[in-house]
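Visitor: quick one: sequence plus predicted model below, questions after.
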Amino acid sequence: MSAIAKMLKDLQLLLFFCCFFISAVLLPFSNGDVGTASLYRPPYLPTACYGNDVSQFPSNNLFAAASEGIWDNGASCGRQYLVRCLSSVVKGACLPGQTIVVTIVDRAASAVSTPSLRGTTMVLASNAYSMIADQSVSSVNIEFRQA
């Protein structure tokens, strides 16, 4: 290998490590997963988790139905997730700086009420959705993590 080829290879390796280091320092790391959320309205009963038991709903009415991705064969029932709106196709739909804690009480695929958009990661009850986004938008991109 010629001296110039070796220098170019060393320079490429150095450039790779510099880019990796800069991206690790300058780019923020997410603490959660990214998905989508839609909205559903009453009736909420019966749910796939606890049937007709009204005590399943938290007093602040911040609850959700889980998609198949987080349903976990029903193990997600009662789990709490921190949720915040990241973006939407409609500018200004997300309420900035709002993070909520929702409790999973239902399975989105079998929920009594139809979600505003099928196939989202979570379907938030109307009260929960309105805490992070404008209800006139059918879905938003969210960041979520188990609380």
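Guide: Thanks, I have it. The structure displayed is predicted, hence computed values, not measured ones. Residues are numbered from 1 along each chain as shown.

Visitor: drop to CA atoms for contacts and neighbour counts, all remaining ones
Guide: Will do.

Visitor: tell me where the model's unsure across this protein.
Guide: 1, 5-30 (pLDDT under 70).

Visitor: quick one, domains of it?
Guide: 1-30, 33-146 (automatic domain parsing).

Visitor: ranking those domains by burial, who's on top?
Guide: domain 33-146 (a mean of 19; mean count of other CA atoms under 10 Å).

Visitor: now do that domain: distance to the chain's middle.
Guide: 9 Å (CA atoms, centre = their mean, to the nearest Å).

Visitor: end-to-end on that domain?
Guide: Separation of the first and last residues of domain 33-146 by CA to CA, to the nearest Å is 9 Å.

Visitor: touching the helix or strand containing residue 86 from outside, list them.
Guide: Counting by DSSP states H and E, the element that carries residue 86 is strand 80-87. With CA atoms under 8 Å, 6 or more residues apart in numbering as the test, strand 80-87 has contacts from 93-104, 132-133, 140-147.

Visitor: CA atoms only: put it into PDB for me.
Guide: Taking C-alpha atoms only, strand 80-87 is exported to PDB below (Å, rounded to 0.1, in the frame of the first residue of the first chain):
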ATOM      1  CA  GLN A  80     -48.400   3.800  33.500                       C
ATOM      2  CA  TYR A  81     -46.600   5.700  30.700                       C
ATOM      3  CA  LEU A  82     -45.100   9.200  30.500                       C
ATOM      4  CA  VAL A  83     -46.400  10.700  27.200                       C
ATOM      5  CA  ARG A  84     -45.600  13.900  25.400                       C
ATOM      6  CA  CYS A  85     -46.500  15.200  22.000                       C
ATOM      7  CA  LEU A  86     -43.600  15.700  19.600                       C
ATOM      8  CA  SER A  87     -45.200  16.800  16.400                       C
END
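
Visitor: thanks a lot, catch you later.
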